[in-house]
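> kindly return the folded structure for what I paste below:
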Amino acid sequence: MKIVRVSATPLNLPVTVPMAGGQTKSTSLSVCIVSIETDTGLVGTGMTAITEEEVIGSIVNDIAAHHLIGMDPMRHEQIWERMYWLLTPRGQSGYASHAMAAIDLALWDIKGQALGEPCWRLLGGARNEVPVYATFGFAFFDRDELASAATDWVGRGFTRLK
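Just a heads-up that it's a prediction; the model follows:
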């Protein structure tokens, strides 16, 4: 199996976020969807969010994509190493890590499809239950709204917040 196409689509999605007291706040969420297509017809999809979606799209489309064409998507670690040295020669965070994460998720999606297994099993999921966390700290919240939202999520039974 070989990678034949890699593309990133930056999007700005309208979202309505629940707030404390039953209120909501409408805003938009920046995301970048990465699609990796194989010569067997499998298509893996990955996503990254809450960053500059246009920058991530450019990193994937203009820098990473042509380096991945022809590679075997099942050789995940080889692809990851290539991306690491290509995209992070002087630092291991920031925009490059977002681009690598979206590509990484798409590769896991392809692996799961090719092997007929859910990704959690491929990652060695040995638990019967996995704790869930609530992601709520969007950049448009001020400190008071963050505190209020955290209190609200804890009141809903969440013990882990991000």
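
> for residue 68, the count of nearby residues, please.
22 (other CB atoms under 10 Å). In this view, the C-beta of every residue, glycine as well, is placed from N, C-alpha and C.

> in contact with it, which residues?
Taking CB atoms under 8 Å, 6 or more residues apart in numbering, we find residue 68 in contact with 3, 6, 36, 79, 82, 83, 103.

> and those residues, which of them are buried?
Buried members of the contacts of residue 68, counted by 16 or more other CB atoms under 10 Å: 3, 6, 36, 79, 83, 103.

> quick one: which of these is nearest residue 160?
Comparing the buried ones among the contacts of residue 68 against residue 160 with CB to CB picks out residue 103 as the nearest, at 26.7 Å.

> and residue 88, what is it in contact with?
Contacts for residue 88 (CB under 8 Å, 6+ apart) come out as 96, 97, 100.

> can you tell me which of those end up in helices?
96, 97, 100 (DSSP state H).

> so which of the residues you listed wins on neighbours?
In terms of neighbours by other CB under 10 Å, these top out with residue 100 at 25 neighbours.

> how about the residue of the chain most remote from its centre, phi and psi?
Most distant residue from the mean C-alpha position of the chain: residue 21, 29.9 Å away (CA atoms, centre = their mean). Torsion angles at residue 21 (phi, psi; degrees, to the nearest 10) stand at phi 70, psi 20.

> ok, residue 84 touching residue 103?
No: counting by CB atoms under 8 Å, residue 84 sits too far from residue 103 to count as a contact (11.0 Å).

> re the thing from before, and which of the contacts of residue 68 is nearest to residue 70?
Residue 70 lies nearest to residue 3 out of the contacts of residue 68, by CB to CB, at 6.6 Å.
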